[in-house]
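[1] Requesting a structural model of the entry that follows:
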Amino acid sequence: MEYKDLFLQVEKPARYAGGEFNLPDINKPHEVDFCIAFPDVYEVGMSNLGIQILYDILNKDKDIVCERCFAPWTDMGELLKKHNIPLCSIETKKPLKDFDILGISIQYELGYTGVLYLLDLAGIPFYAKDRSSSDPLVIAGGPCVANPEPFAPFFDVIIIGDGEEATLEFAKIVQQFKGDKRKILSEAAKIEGCYVPSLCVIQDGYCKTPMRKACVKDLDKAAFPLRPLVPNLEVVHNRPVIELYRGCYAGCRFCQACFYYRPIRIREKETVERLTEALIKATGSEEIGYSSLSSGDYPDICSVIDSVYELCKKKNVKIQLPSLRLDSYTPALAETSRKSSLTFAPEAGTQRLRDVINKNITEEDIDRTMRMAFTQGYRSVKLYFMVGLPTETDEDLMGIVELVRRIKNIYIDINHNKSINISVSSAIFVPKPVTPFQWAAQISLEEMDRRQQFLRAELRKVRGVTFHWHEPSASWLEGIFARGDSSLSQLIIEAYRNGALFDGWTDKFRFDIWEEAIAKLHVDTKRFTEGFGLEEHLPWDFIDFGVTKKYLMEEYKAALDGKTSPSCKYACRGCGATKYAKCKVQKNG
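    Next up, the predicted model:
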């Protein structure tokens, strides 16, 4: 039996079929076989812009062919094991084990068992030290490499920072020294952003070899796919997307992406227009997205959207923007991206706590924005909050309830009826590396559950409100891996071997498996959840992210004092990121 013979026996065979519209020339003569793998299903992976960008860059090189592989759903995985068929690429159905390079994108901590799932089905040993010269070089990238230590032993190379240039440079080294793994790794270690765990100095369990992240210095000139693949089935984000800018001006102290992706680099208005026209022509999509961490902070965002509005209207293409900051909402901006519901993230219910996290939105911002939105005819609002933020009290939790009530009253005041739908979602705060809160403690599992149930009970008293919350045990586990060290690689293997898989899926997450693995290996989880001292060595301290530890520490101290810091939108605040590239500061400050 062959790989293709399994397709009709599984749910959604289009996940594995390939042949998407805009497929590049996979049959061209080449010297390097590269496979990008994603440790989750097709629908999730094909929604990832980074995958599309790297796929395009690698296939445009005359000497490289890049294929893809996504984690097969459990039905397909079981069939592969039953018939002893190795996991294959989508494009040519080539076994992953036969590629020169296997690149795995790691987007979230609960996807770590998915990495092992891919390697297991491919017949590739988990630990890099156990692989032979016949195995592919296994590399990693993605947001989770902000702290690569829990999964570092699984990889030959980990690309930290922006992957566009470093990944291609690594592939060219493989082309030059193909067959000589030792030479490839020694040369790769010279590339900015390439962390080679096997060549690093380890002292007291920590890496001591200094690393600098990779950084695309000019995003406006960076490669971007003009003919992205059009998925075979409906995916999570079913539209082509243009990244407006990279980095973030806001400085929210809980947000890893804000600091990890600095300095601020933007795509100019003319580039956005050109990309919009190309993507509409190449995909035939009925919707196009404009993404960034805070799209409302893009320089003159209304002018940019206005400039593409007529083109989109002519082609009957809708413009989609992500959730907006409450202080950046304008009626004109909302009109160009008309939806049935608006999405905002106040994050905290009281001004005191919003000051602690440096959200920099006021009660007046909230009231003004809600009045504008409801006056425009919006009848539904989605609100996102976090539970367990540093210094949070039950008074802050009640602040969420009171804020929701106030928003409802604003709607009634404008529309003279009660037919509003308010959706409240509550995530649990997870301290992340490369943030001012990287030293903070995470609340206990019991306290997570208590606070979520507290909110649930109080919000049930407000008619027209639905409440959604994150699973506390999943957030607790995420917190352990976010700040863990290389010793946790054993825990990942133990849990995977006992059935942990697709942990990011609520119906698949088995906390009991993780509890048993933690107990068996005697993992001291408090090391990673109770916080760190300001002078303590952190597992990711060997990486220079641009933003200095001193700056993050000052922001942490300011948070505990309840002091806010202004946005760096109009003036540089000296975080250190400009060592990598010039930061885009707006001229009209």
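
[2] What are the phi and psi values at the closest residue to residue 55 other than its chain neighbours?
    Of all residues not flanking residue 55 in the chain, residue 66 sits nearest, at 5.5 Å (C-beta to C-beta, 6 or more residues apart in numbering). Every residue, glycine included, has its C-beta placed from N, CA and C. Backbone torsions for residue 66, taken as degrees, to the nearest 10, come to phi -110, psi 130.

[3] what about the nearest residue to residue 445 once chain neighbours are set aside, how many neighbours?
    Distances taken as C-beta to C-beta, 6+ apart put residue 476 closest to residue 445, at 5.1 Å, once the chain neighbours are dropped. Per other C-beta atoms under 10 Å, the neighbour tally for residue 476 reads 20.

[4] name the element residue 476 belongs to?
    Using DSSP states H and E, the element containing residue 476 is helix 472-482.

[5] residue boundaries of the strands in the stretch 351-500 of the chain?
    Assigned by DSSP state E, counting those that start in this stretch, the stretch 351-500 of the chain shows strands spanning 380-387, 421-428, 465-469.

[6] so who does the nearest residue to residue 544 once chain neighbours are set aside touch?
    Closest residue in space to residue 544, ignoring its immediate chain neighbours: residue 212 at 4.8 Å, by C-beta to C-beta, 6+ apart. Residues near residue 212 by C-beta atoms under 8 Å, 6 or more residues apart in numbering: 192-193, 543-544.

[7] Rebuild the residues you listed as CSV, extending it with distance to residue 567 and pLDDT.
    Shown next, in CSV, are the contacts of residue 212 (distance: C-beta to C-beta, whole Å; pLDDT from 0 to 100):
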residue, distance to residue 567, pLDDT
192, 29, 97
193, 27, 97
543, 25, 98
544, 24, 97
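
[8] Check those and tell me the two furthest apart.
    192 and 543 (11.6 Å; C-beta to C-beta).

[9] got any residues that touch both of the two?
    Joint contacts of residue 192 and residue 543 (C-beta under 8 Å, 6+ apart) are 212-213.

[10] Looking at the two, which is more packed in?
    A count of neighbours by other C-beta under 10 Å puts residue 543 above the other of residue 192 and residue 543, at 24 against 17.

[11] could you list every residue that touches that one?
    Residue 543 sits next to 146, 160, 195, 211-213 when contact means C-beta under 8 Å, 6+ apart.

[12] ok, 6 Å please
    Shown in contact with residue 543 (C-beta atoms under 6 Å, 6 or more residues apart in numbering): 160, 211.

[13] tell me which residues form a beta bridge with it?
    In this entry, residue 543 is beta-bridged to residue 211, by DSSP bridges.

[14] and the residue nearest in space to the middle of the chain, what element?
    By C-alpha atoms, centre = their mean, the chain has its centre lying nearest to residue 107, at 4.9 Å. Using DSSP H and E, residue 107 is not contained in any helix or strand.

[15] Kindly report the same for residue 343.
    Going by DSSP H and E, residue 343 is part of strand 342-347.

[16] Residue 169 too?
    Using DSSP H and E, residue 169 falls in helix 163-176.

[17] Please point out which parts of whichever helix or strand comes after that helix sit buried.
    The helix or strand immediately downstream of helix 163-176 is helix 181-188, counting by DSSP H and E. Buried residues in helix 181-188, defined by neighbour count with 16 or more other C-beta atoms under 10 Å: 181, 184-185, 187-188.

[18] tell me the SS of the nearest residue to residue 502 once chain neighbours are set aside?
    The shortest distance from residue 502 to any residue other than its chain neighbours is 3.9 Å, reached at residue 508 (C-beta to C-beta, 6+ apart). Under DSSP: H, G, I helix; E, B strand; the rest coil, the three-state class of residue 508 is coil.

[19] Number of residues surrounding residue 489?
    20.

[20] quick one: contacts for it?
    Residue 489 makes contacts with residue 153, as judged by C-beta under 6 Å, 6+ apart.

[21] where's it relative to residue 559, distance?
    Counting by C-beta to C-beta, to the nearest Å, the separation of residue 489 from residue 559 is 32 Å.

[22] Next: residue 252.
    To residue 559, residue 252 is 11 Å away according to C-beta to C-beta.

[23] circling back to that earlier point, what number of residues lie near the residue nearest to residue 502?
    Using other C-beta under 10 Å, the number of residues around residue 508 comes to 13.

[24] circling back: need the contacts of residue 212 in JSON lines (columns: distance to residue 135).
    Shown next, in JSON lines, are the contacts of residue 212 (distance: C-beta to C-beta, whole Å):
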{"residue": "192", "distance to residue 135": "26"}
{"residue": "193", "distance to residue 135": "23"}
{"residue": "543", "distance to residue 135": "27"}
{"residue": "544", "distance to residue 135": "31"}
